[in-house]
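In: Generate coordinates for the sequence data below:
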Amino acid sequence: MSLRIAITGHRGLPTATERLVDQAIRDQLATDTADDHLVGLSNLADGADQIFARAVLDAGGQLEVIVPAAQYRDGLPEPAYAGYDSLLSAASKVDRLSYVESTEESRTWRQAEPCWHEPTASMRSGMASPPADTAAPPT
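Out: Got it, this is the predicted structure:
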């Protein structure tokens, strides 16, 4: 069975925070994906998104990248280019949206419809309830 995970997180993290986020992501992936094939989805923004993408690959998973706009990379901080390029070339699938400029509109693909998917048993431990403004799927 495949387990598809997508995250988005903060950018411009201090180095010490990056290390903590990296370890937390790796620990969670090791716990949640022990019996599943891991597929990670990311837009490869600097910070938590690239940390997650690298952890997925290091865990033996597949990386699927969604590039929100043709000029998306140009909007990243220059120090993030090498990580972006490396992760993009390692992706098993790349979807490019039709936007040219990287604007708020082009990046809202991940926020289009708030939803809540019932977690698998292995994901339930330590997981918070869905936010109040997200609806549970119909039963």
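
In: packing partners for the helix or strand hosting Ala53?
Out: Using DSSP states H and E, Ala53 sits within helix 48-58. Helix 48-58 is packed against helix 15-32, strand 37-42, strand 62-69, helix 81-90, with contacts defined by 3 or more Cβ pairs under 8 Å, 6 or more residues apart in numbering; DSSP states H and E. Any C-beta I mention is one placed from the backbone N, CA and C, and that applies to glycine too.

In: Remind me what the second one packs against, helices and strands.
Out: So that's strand 37-42. strand 2-6, helix 48-58, strand 62-69.

In: How about residues contacting the longest one?
Out: Okay, so that is helix 48-58. 5, 7-11, 13, 18, 21-22, 25-26, 29, 38-40, 42-44, 62-63, 65, 80, 83-84, 87, 90 (Cβ atoms under 8 Å, 6 or more residues apart in numbering).

In: in that helix, what's buried?
Out: Neighbour-count burial for helix 48-58 flags 48-57 (criterion: 16 or more other Cβ atoms under 10 Å).

In: Measure how far that helix is from the centre of its chain, please.
Out: 8 Å (Cα atoms, centre = their mean, to the nearest Å).

In: Repeat that for the first one.
Out: What separates the centre of strand 2-6 from the centre of its chain is 10 Å, taken as Cα atoms, centre = their mean.
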